[in-house]
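K.L.:
Need coordinates for the below:
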Amino acid sequence: MVEQDTIRLLRECDAGVKMGVSSIGEVMERIESPEFRRVLTESRRKHDELDRELRQELARCGDQGKAPNPMAKGMSWMKTNAMLMMKPGDQTIADLMTDGCNMGVKSLHKYLNQYRAADENAKEITKKLVNLEQKLAVDLRSFL
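P.N.:
Now for the predicted structure:
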């Protein structure tokens, strides 16, 4: 049970990190503010660092991870592009990214509750990802 919960929790974190990196990549070229670009670049760097840690843990467990849900990824892409067509600009991007961070935090807490038997290392990685998403949401407030 512990090993299965650990792997499941790590997989969800893996999918979440990949979704975050993908979302940042989708909007990066549309950002006008150099400061906003810096904030997202730094967040992507931290996501990439956490991704490396996750891959090491998953490999230790004999697992290859999990890709983001294709439906969720597609819906995110459609919403981002539709919103930016209606109202282009940094404010819209910050709003969309904040929503994504909040959804990620909500999902990660759900998985922490669902996979209670996961080992402490997996839980700590999950908490690191939660903190990363929360920090990004706070950092984005000045661009809303």
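K.L.:
how near is A59 to N121?
P.N.:
Noted for A59: a distance of 13 Å to N121, by C-beta to C-beta, to the nearest Å. Using the backbone N, CA and C atoms, a C-beta is placed for each residue, glycine as well.
K.L.:
same question, V130
P.N.:
15 Å.
K.L.:
Can you list the residue ranges for helices in this structure?
P.N.:
For the chain, the helices defined by DSSP state H cover 2-27, 34-60, 70-86, 90-114, 120-140.
K.L.:
pLDDT score assigned to Q4?
P.N.:
Looking at Q4, its pLDDT reads 94.
K.L.:
Might you report the residue contacts of it?
P.N.:
Q4 sits next to A117 when contact means C-beta atoms under 8 Å, 6 or more residues apart in numbering.
K.L.:
can you check G74 too?
P.N.:
So G74 contacts nothing (C-beta under 8 Å, 6+ apart).
K.L.:
next one: phi and psi at K87?
P.N.:
In terms of degrees, to the nearest 10, the main-chain angles of K87 are phi -150, psi 80.
K.L.:
Closest to the centroid, which residue in the protein?
P.N.:
By C-alpha atoms, centre = their mean, the chain has its centre lying nearest to G20, at 3.3 Å.
K.L.:
which one is that residue nearest to, not counting chain neighbours?
P.N.:
Closest residue in space to G20, ignoring its immediate chain neighbours: H47 at 5.0 Å, by C-beta to C-beta, 6 or more residues apart in numbering.
K.L.:
Need the pLDDT of that neighbour.
P.N.:
97.
K.L.:
I'd like to know how many residues surround it.
P.N.:
22 (other C-beta atoms under 10 Å).
K.L.:
Of V130 and N121, give the one with the bigger neighbour count.
P.N.:
Applying other C-beta under 10 Å to V130 and N121 shows that V130 carries more neighbours, namely 20 against 13.
K.L.:
That one and K110 touch, don't they?
P.N.:
No: V130 lies out of contact with K110 (C-beta atoms under 8 Å); the separation is 11.2 Å.
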